[in-house]
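1. Here is my input, please return the structure:
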Amino acid sequence: MAADFSSEQLDKLKLAMAKLQETMGTAEPEPEAEAETQAEASPEEESVLANGTYLKVDEDEMAAWLYLAPPDPDVTYKKEDLLDYLDKHGVVEGLHQSNLSAMIKKKVYEREILVARGREIQEGANGYFEYLFAPEEYGVPKVREDGSVDYTAVNALQNVKAGEQVAIYHPAVQSVDGCTVLGHIMKGTLYHDLPPMRGKGIRREDEIYYAQNDGKIELKDGKIDIQNVHEISGDVDMIIGKVEFFGDIIIYGNVEEGVTIRAGRNIEIHGSTSLANLYAGGDIVLSRGIQGGNRSKVSARGSVYADFIEHTTVEAGGTVQANIIMNSNITAKEKVIATGKKGTIIGGNINAIKGVTATNAGNDVELRTILHCGYEPQTHDQLIAVKRKETEVRAKIANLVDSMTDALREKRMRGANTSKDTEVKLAEWNKLKDQYFIELDNVEHDKESLEDLIEQSKGAEIRIEGNVYRGVMICINAEQMMIERNTCYMKYNADKGVIEGSVIIHN
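-> Below is the predicted model of the structure:
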C-alpha cells in the first residue's frame, strides 16, 4: 500500500537521494533495469514516482485508485502516460476511461480517483418450470374480513381446458465470470438444466406445456397429471366446501350440508346427500337419494336419478327418475318417473313436458300434490303475444323500407344535389333497419321455442299405475283437474282442451 508524502518530505527525500548518489558514485539505472524493477513490484505496494503520483488497489482487487501529483511546470500529462502507468502496475481490466480523460482535461490532482473497477460475477440460475396454475391455493379455507373462516369458498381441485398452457420451462442461465482489475478471473457457478417434464394429459411444444384435454390438474412429485374423472373416496363436507371439475365427479362417501358441487359432465354420489347444491353438464346419480331441507337445488343438463328426492328443487334437461319424490319441486324437459314397488310422488309440484309416470300419487292425508305435463298454462298466451310482436316488427320494417325506397329514388335523381335532410334520414333509417332485423330475429327465435315446446307436449300423459289419492291436482298443458276421490290405475290425457281419465288395462 502507498503512503502519502507532503511536499516538504518529498524535497528532503530528493536531496538525500542526490547526496547518496554523489557519495557512492552510482548512475541512474538503465531503462531496462527500471522496467524490470517495476514489473517485479506488487501493484498493491506503494508506488511513488519522483513527483508523488501513486496507485492504490483495494484488497479484493475490485477497484484501483490513482493519485496524480501536479506535474512540473514544464511537463504536461497525457492520457497515454496514465494508461502506461496503470499497465506497468498490473491494472489491466475495467479501466474507467472517462475518469482518466477527466483527470487530464480538468487537471484533477492530489485526489484519489477511481480509474478501474473489476467485473463482478453475474450469477445465473438453474433451469426451472413455471406452473401456470396454483394447486396450493385449493383446499384452503379463506379468512373473512371479520376474522371468521369461510369454508364454503373452499374448492377441492383446479381445472384446466384442453389447449390451455399449464407450464413453461425456463432453461438454465449460466454465470458470467468476473474479473479483478489485475486481470484475475473469478469463476461463476455452473448451473444445470432439468429433464423434460413427464406427466399425463399434457403435450409439449418447444418449452411450453399444454393440456391435452379438459380435466382436473394436479402436481405430483414434479409431474403434472390431468384427468377427466375426479374421484373422492371419503365424505365431502364444509371443510372441503366446494368441488368444481370439468369432467366427471364420483364421490364414494356422503355429501353434507353447505357443499356445492359443479361438474362439466356427470356427478355420481354413492353416499347420502343432504342440504347440498349440485350442478352437472350431464347426468346426476344419487345412489342414496337427497334430503334437501327445502334449501337444496339439483340441476342437470341431462337426467337425474335418485333413490329418493325430498324437499329439493330439481331441474333436468332430460328425465328425473326416483323411487320416492316427496314435497319437491321438479321440472324436467322430458319425463318424471317414480315407478317400482315404492314409486310414489307425495306433495310438491311436478312438471314434465313429455309426461309423468308413478306407481302412487298423493297419500291418505290428502297432501297437496300437483302433477303437470305438457306446456305451461301461460305458454299459449306467450305464443300469441310473440306472434303479435312479430307482426308489428314486420310492419315497421315494411314501412321503413318504403321510406328508404322513396329517399333512394330521390338520391338517384338528384345525385350530388340531394338535400342534406334526406342524407341524414337515410343514415338514421339504415341504423334503424339493422335494429329492427335484430329484434325480428329474437322474436322469431322465441316463437320457434314456444312452438317447439307445444309440439313436444303432444301426446303427453300422466300415468299412475297404483293409487291416486284425493287432493292430487292433474294438469295437462293449460288444463287442470282435481281428483275428488281416491282411485287407481289411471292415465290422463288432454283432448280438445279437456282432461280425460281412463283406466289402465293390464293384459
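
2. those helices in the stretch 401-507 of the chain, which residues are they?
-> For the stretch 401-507 of the chain, applying DSSP state H, counting those that start in this stretch gives helices covering 420-457.

3. can you give me the helices for this protein?
-> For the chain, the helices defined by DSSP state H occupy 7-24, 31-40, 79-88, 97-105, 379-414, 420-457.

4. Looking at these, spot the one closest to Leu114.
-> helix 97-105 (6.0 Å; Cβ to Cβ). For glycine as for every other residue, the C-beta is placed from the backbone atoms N, C-alpha and C.

5. Need the contact partners of that closest one.
-> Outside helix 97-105, the residues that touch it by Cβ atoms under 8 Å, 6 or more residues apart in numbering are Leu66, Leu68, Tyr77, Lys78, Lys79, Leu82, Leu83, Val108, Ile113, Leu114, Val115.

6. who's in contact with the fifth one?
-> Same thing as Lys79. Lys79 neighbours (Cβ under 8 Å, 6+ apart): Leu100, Ser101, Ile104.

7. Apply 6 Å and report the result again.
-> Applying Cβ atoms under 6 Å, 6 or more residues apart in numbering, we find Lys79 in contact with Leu100, Ile104.

8. Looking at it now. What's its pLDDT?
-> Looking at Lys79, its pLDDT reads 90.

9. could you check the distance from it over to Glu112?
-> Lys79 sits 18 Å away from Glu112, going by Cβ to Cβ, to the nearest Å.

10. For the residue nearest the centre of the chain, give its distance to Val443.
-> Centroid-nearest residue in the chain, with Cα atoms, centre = their mean: Phe133, separated by 7.6 Å. Computed as Cβ to Cβ, the Phe133 to Val443 distance reads 44 Å.

11. again with Leu400
-> Leu400 is 16 Å from Val443, by Cβ to Cβ.

12. if you count what's nearby, which of these two comes out ahead?
-> Shown here are Leu400 and Val443; by other Cβ atoms under 10 Å, Val443 has more neighbours (20 against 16).

13. what's near enough to touch the more buried one?
-> Taking Cβ under 6 Å, 6+ apart as the test, what Val443 contacts is Lys389, Glu390, Val393.

14. These into a markdown table, with extra columns for neighbour count and pLDDT?
-> What follows is the contacts of Val443, written out as a markdown table (neighbours: other Cβ atoms under 10 Å; pLDDT from 0 to 100):
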| residue | neighbour count | pLDDT |
| --- | --- | --- |
| Lys389 | 17 | 91 |
| Glu390 | 16 | 91 |
| Val393 | 20 | 91 |
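
15. closest to Glu120 among these?
-> Glu120 has its nearest neighbour among those in Val393, at 75.9 Å by Cβ to Cβ.

16. which residue packs closest to the closest one, ignoring adjacent ones?
-> Leu440 (4.8 Å; Cβ to Cβ, 6 or more residues apart in numbering).

17. same question, Leu86
-> Val115 (6.5 Å).

18. Please give me every residue in contact with the one you found.
-> Contacts of Val115 by Cβ under 6 Å, 6+ apart are Ala64, Leu66, His96, Asn99, Leu100.

19. where's Glu130 relative to Gly163, distance?
-> Taken as Cβ to Cβ, the span from Glu130 to Gly163 is 18 Å.

20. for this protein, which spans come out with low pLDDT?
-> 1-50, 135-157, 506-507 (pLDDT under 70).

21. so how many other residues sit close to the residue nearest to Leu82 when sequence neighbours are not counted?
-> Distances taken as Cβ to Cβ, 6+ apart place Leu100 nearest to Leu82, at 5.3 Å, with adjacent residues excluded. Neighbours of Leu100 under the rule other Cβ under 10 Å: 22.

22. ditto for the one 5 residues further on
-> Lys105 is flanked by 9 other residues according to other Cβ under 10 Å.

23. For it, give its distance to Leu82.
-> Relative to Leu82, and taking Cβ to Cβ, Lys105 is found at 12 Å.

24. joint contacts of the two?
-> If you check Lys105 and Leu82 against Cβ under 6 Å, 6+ apart, no residue is contacted by both.

25. Ala338 is nearest to which of the helices of the chain?
-> So among these, helix 420-457 is nearest, using Cβ to Cβ, at 20.3 Å.

26. can you pull the buried residues of the closest one?
-> Leu426, Trp429, Tyr436, Glu439, Leu440, Val443, Asp446, Lys447, Leu450, Leu453, Ile454, Ser457 (16 or more other Cβ atoms under 10 Å).

27. For Lys223, list the residues it contacts.
-> By Cβ under 6 Å, 6+ apart, the contact set of Lys223 is Arg198, Gly199.

28. TSV please, covering the helices of the chain and showing distance to Tyr191.
-> Converted to TSV, those look like this (distance: least, Cβ to Cβ, whole Å):
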stretch	distance to Tyr191
helix 7-24	53
helix 31-40	39
helix 79-88	34
helix 97-105	33
helix 379-414	70
helix 420-457	60
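
29. so which of these gets nearest Ile505?
-> Of all these, helix 420-457 comes closest under Cβ to Cβ, at 24.8 Å.

30. From the chain's centroid, how far away is that closest one?
-> Counting by Cα atoms, centre = their mean, to the nearest Å, helix 420-457 is centred 37 Å from the centre of its parent chain.

31. could you check the angle helix 379-414 makes with it?
-> Using axes from the mean of the first three to the mean of the last three Cα atoms, to 10 degrees, the direction of helix 420-457 lies 150 degrees away from that of helix 379-414.

32. measure Pro377 to Asn351 for me?
-> For Pro377, the distance to Asn351 - Cβ to Cβ - is 11 Å.
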